[in-house]
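1. just need the structure, nothing else, for what follows:
(one chain, ligands or ions: 2)
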Amino acid sequence: MPKTHTRYVCQQCGRISAAYMGKCPQCGSFNSMVEEIVPDGSSGAKAAPRGLSGRSTPRRLGEVSGEAEDRIPVPMEEFARVLGGGIVPGSIVLVGDDPGIGKSTLMLQMTLLMADRLRVLYVSGEESERQIKMRASRILPQGEKKPAFPENLFLVTETNLDTIYEHIAEIKPDLLVIDSIQTVYMPELESAAGSVSQVRESASRLRELAKNGGPAVFVIGHVTKEGTIAGPRVLEHIVDTVLYLEGDRFQAYRLLRSVKNRFGATAEVGVFEMLEHGLAEVSNPSEAFLAERMVNAAGSAIAVTMEGTRPLLVEIQGLTSAAQFGNARRTPNGVDYNRLLMIAAVLTRRVRLNLAEADIFVNVVGGLKIDEPAADLAIAAAIASSMRDAPVRADTVLIGEIGLAGELRMPSQMPVRLREAAKLGFKTAIVPKRLRKGEPWPGDIEVIEARAVQQALELAFGIQRELPQGRKVA
Ligand code: TYD
Ligand code: MG
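-> Ligands and ions are numbered 1, 2, ... in the order given. So this is what the prediction gives:
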């Protein structure tokens, strides 16, 4: 029998320790250390990654072939964009988020499309083959008496990684989907499926498989309560690309966001809508997000955020109401809590809005999460609009980051944002004052510059509507 030793692994950050500790010294979580028994000689985490294909040879930079990677085209434009143009052969992609958001649906839909040209193996440790088939019948175009399932899509319910490898050797897929990494285990490790060691080791092995001429691999990963994939961040380092499918389970929109991509831009976003028959691509998301907007209602403002390379217009709603028992609450939905506190404080101190005794609710319509400071001004306008019970001008977008002194700061990529707003029929944009003269603003929208929040809000409520066309406020 091989000798074994015991070690303790933090399920949050993957820190390994010889003795049990109540608090992880690396990430500070409590009671996160779990005992694991490992064979001697296996350190769990490999010290250094092995060469990607056998022995490595250093080459002059000029001799390295520099052609763009051949990508396998994906016939879903929103998905392809997030990947950076298609699937890179030999890459490993992690698709993560909360259970029930639609990861399995997205992956199955993608594989159904890809199986036209490629051999695909879909390994599920979560659902039976029958369940997957039922989902596939739901997704496939209806109307025909019997949906035509692709020849080259193979399903298997399996969790033992050794057995999965046997299936791979037999079927020789070009594309492999593992649903989910938390259900897969390597029998030689003593710890349970879903533990940090299992997740990390299984992912490393799948990565080696991909890098050594194997299939492109997609692994699905669930996010823990704390918001990290599978507990350890380590998983994010193993894979080439990390995609999060985000959205509100009670709303239809889903955003596929790349938070890491070795083969493309990060923060790129694909927008989908969950329908009866699977996920539909939303190719004009700004229009979709603004579709249910009530024009001329108080407590609404339009922000223009950049999601990757794409500008997105979103409606921000604000509501203020008298707080109970002098205990004012701030409730953001889709906006960072601390950002909301800061904006509320600036509105109180610099704009003299009496928010101290008001509950504030902020909501980003469509279930989108915004973390861009460029949306500050629209958030402030939505709150102020509700407080004053006065609507923001309906044809106006607000773009700008708010500083603590109540000053406005210029976000990046303004021309792209302004053009998108103009394309959707907005007539006016209220933006921060430029410190230096630069390129002229795009011509198809009236741009009004404001130095401070106070001034921007007055403009937004149309108080200075008599300003002559095109004149910039000094
Ligand atoms: P699923 O892909 O199982 O989520 P995950 O793998 O992330 O846990 O998606 C589950 C949800 O999607 C479920 O609430 C039902 C819904 N759904 C639809 O609305 N339409 C569909 O066509 C499908 C397949 C699922
Ligand atoms: Mg699933």
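
2. for this structure, which helix is longest?
-> helix 196-211 (DSSP state H).

3. ligand 1 contacts on the protein?
-> 99-105, 135, 138-139, 274, 276-278 (Cβ under 6 Å from any ligand atom). All C-beta atoms are positioned from the backbone trio N, CA, C, and that covers glycine.

4. which secondary structure elements does the longest helix of the chain contact?
-> Counting contacts by 3 or more Cβ pairs under 8 Å, 6 or more residues apart in numbering; DSSP states H and E, helix 196-211 is packed against strand 4-10, strand 33-39, strand 92-97, helix 161-171, strand 175-179, strand 216-222, helix 234-238.

5. try it again with 6 Å
-> The helices and strands touching helix 196-211, judged by 3 or more Cβ pairs under 6 Å, 6 or more residues apart in numbering; DSSP states H and E, are helix 234-238.

6. just the buried residues of the helix it packs on, please?
-> Buried residues in helix 234-238, counting neighbours by 16 or more other Cβ atoms under 10 Å, are found at 234-236, 238.

7. closest one of those residues to ligand 1?
-> Leu235 (16.7 Å; Cβ to the nearest ligand atom).

8. how close does the closest one get to Phe30?
-> Taking Cβ to Cβ, to the nearest Å as the measure, Leu235 falls 22 Å from Phe30.

9. ok, Pro296 - contacts?
-> Careful, residue 296 is Asn; it's not Pro. Contact analysis of Asn296 by Cβ atoms under 6 Å, 6 or more residues apart in numbering lists 391, 394.

10. and it, how far is that from ligand 1?
-> 33 Å (Cβ to the nearest ligand atom, to the nearest Å).

11. how many neighbours does the residue in the stretch 251-400 of the chain that ligand 1 sits nearest to have?
-> Nearest to ligand 1, among the residues of the stretch 251-400 of the chain, is Gly278, at 4.1 Å (Cβ to the nearest ligand atom). Using other Cβ atoms under 10 Å as the criterion, Gly278 is surrounded by 19 other residues.

12. and what of Ser286?
-> 20.

13. skipping adjacent residues, who's closest to it in space?
-> Leu313 (3.9 Å; Cβ to Cβ, 6 or more residues apart in numbering).

14. just to revisit the earlier point, closest to Val64 out of the buried residues of helix 234-238?
-> Distances from Val64 to the buried residues of helix 234-238, taken as Cβ to Cβ, are shortest for Ile238 (23.7 Å).

15. could I get the contacting residues of the closest one?
-> By Cβ under 6 Å, 6+ apart, Ile238 lies in contact with 203-204, 207.

16. touching the longest strand along the chain from outside, list them.
-> Secondary structure assigned by DSSP state E gives strand 310-322 as the longest strand of the chain. The contact list for strand 310-322 (Cβ under 6 Å, 6+ apart) reads 285-286, 289-290, 293, 299-305, 358-365, 368, 378-379, 382-383, 386-387, 416-417, 420, 424.

17. what residues of the helix or strand following it count as buried?
-> Where DSSP states H and E defines the elements, the next helix or strand beyond strand 310-322 is strand 330-333. By neighbour count on 16+ other Cβ under 10 Å, the buried set for strand 330-333 is 330, 332.

18. in CSV, list the C-alpha atoms belonging to strand 330-333.
-> Provided in CSV are the C-alpha atoms of strand 330-333 (Å, rounded to 0.1, in the frame of the first residue of the first chain):
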residue,chain,number,x,y,z
ARG,A,330,-29.6,52.2,0.8
THR,A,331,-30.6,49.3,-1.4
PRO,A,332,-28.7,48.9,-4.7
ASN,A,333,-29.6,46.3,-7.3
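
19. how distant is that strand from the center of its chain?
-> When distances are taken as Cα atoms, centre = their mean, to the nearest Å, strand 330-333 is centred 20 Å away from the chain's centroid.
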